[in-house]
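Participant: Pasting the sequence and the predicted coordinates here, then a few questions.
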Amino acid sequence: MGRIGKALLAVALILGAAPVAVAGGGSHSEDVAETMAAVKNTATAEESYRTDHRKYTTHIGRLKRQDGLRYDEQSIDLFASWADENGYCIEARHVDVVKARHYDSTQGNPRIGRCPEHRRARGNWRDQVAGTLKNAATAEESYATNGDGYTTDESVLVAEGFKAESREVNFDIVSADDVGYCMEATHDRLRATWFYDSDMGLPKKGRCEA
C-alpha cells in the first residue's frame, strides 16, 4: 500500500467508512489478518518441529522445508526471535502495517509489538551477526579462487552464495585487496559492532582497523 493508499485508508477510518482495498495491497484489516495468520501458522509449524526434534527452532527455513510453513514472503518479514527446548517467540511485520505482531509460546496468544527480550534472544542475535560474517568470508574465499583477489562488492559475494542470516543484520565490507579483507556487521537489536578480519579468521566484537 503506497502513500496515497494509506491516506485514503486514514480518511475512510476518520469518516467511519469500512476500509477498502487499494491498488498494490489489501485493506489494513486484511494486512493485519494476514500477519496474524502467518504468526499462527508458524506456531503450528514450531509445535510440529518439536514433536520430531524435542526442541523448537529459530530457523524459519527448516519450518518451511520440514513442516510445510507457508506465508507471503514478499509482504511479511517473519522470524523467530528466540527458541529453546521450552518455548519460542515468533515475530512478524507486514510491509503495510506499522506495528509488528508476535506470538510468545509462554503467553499463548498473538499480541501487538515485538517479542519481549529473552535470555536466549541476545545469543541468537549475536549468532546471526557471526553467521553473516562467516558466510561472507566463505564467499570471499570462493571468489578469490578465481585469482582476482578479494572484493568490496557485496553483489559479487551474493553471486558466490552469500546471504545474511537475518534481515536485521547490517553488513559492510570495509576493505579488501589482493591479500586480505575486513568486514563489519551489526544487528538492529544490539548496540555492538562485530568484525571479521581475514588475518584473524574469526568474528570478534569491535571494528576493522582504519
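Facilitator: On my side now, so go ahead.
Participant: how close does E73 sit to F79?
Facilitator: Applying CB to CB, to the nearest Å, the value for E73 to F79 is 11 Å. C-beta here means a position set from N, CA and C on the backbone, and glycine is covered the same way.
Participant: More neighbours: these two, which one.
Facilitator: Between E73 and F79, counted using other CB atoms under 10 Å, the more crowded position is F79 (20 against 11).
Participant: Now do the host helix or strand of R50: distance to the chain's middle.
Facilitator: Element membership of R50, judged by DSSP states H and E, is helix 28-53. In terms of CA atoms, centre = their mean, to the nearest Å, the centre of helix 28-53 is found 16 Å from the chain centre.
Participant: Which strands or helices does it pack on?
Facilitator: The helices and strands touching helix 28-53, judged by 3 or more CB pairs under 8 Å, 6 or more residues apart in numbering; DSSP states H and E, are helix 60-67, strand 76-83, strand 88-94, strand 101-104, strand 110-112.
Participant: how about it: buried residues?
Facilitator: Residues of helix 28-53 classed as buried under the neighbour-count rule (16 or more other CB atoms under 10 Å) are 28, 31-32, 34-35, 38-43, 45-46, 49-50.
Participant: got it, and stretch 129-145?
Facilitator: The neighbour-count check on stretch 129-145 (16+ other CB under 10 Å) flags V129, A130, G131, T132, L133, N135, A136, A137, A139, E140, Y143, A144 as buried.
Participant: got the contact list for the fourth one?
Facilitator: If a contact means CB atoms under 8 Å, 6 or more residues apart in numbering, then T132 has A164, E165, S166, V169, F171, A185 as its contacts.
Participant: Could you check how far it is from V95?
Facilitator: From T132 to V95 the distance is 22 Å (CB to CB).
Participant: And what about A185, helix, strand or coil?
Facilitator: Here A185 is recorded as strand under DSSP: H, G, I helix; E, B strand; the rest coil.
Participant: Number of residues surrounding it?
Facilitator: Other residues within reach of A185 by the criterion other CB under 10 Å amount to 22.
Participant: Return the residues in contact with it.
Facilitator: Residues in contact with A185 (CB under 8 Å, 6+ apart) are V129, T132, L133, V169, N170, F171, D172, T193, W194, F195, Y196, P203.
Participant: I am finished for the moment; much appreciated.
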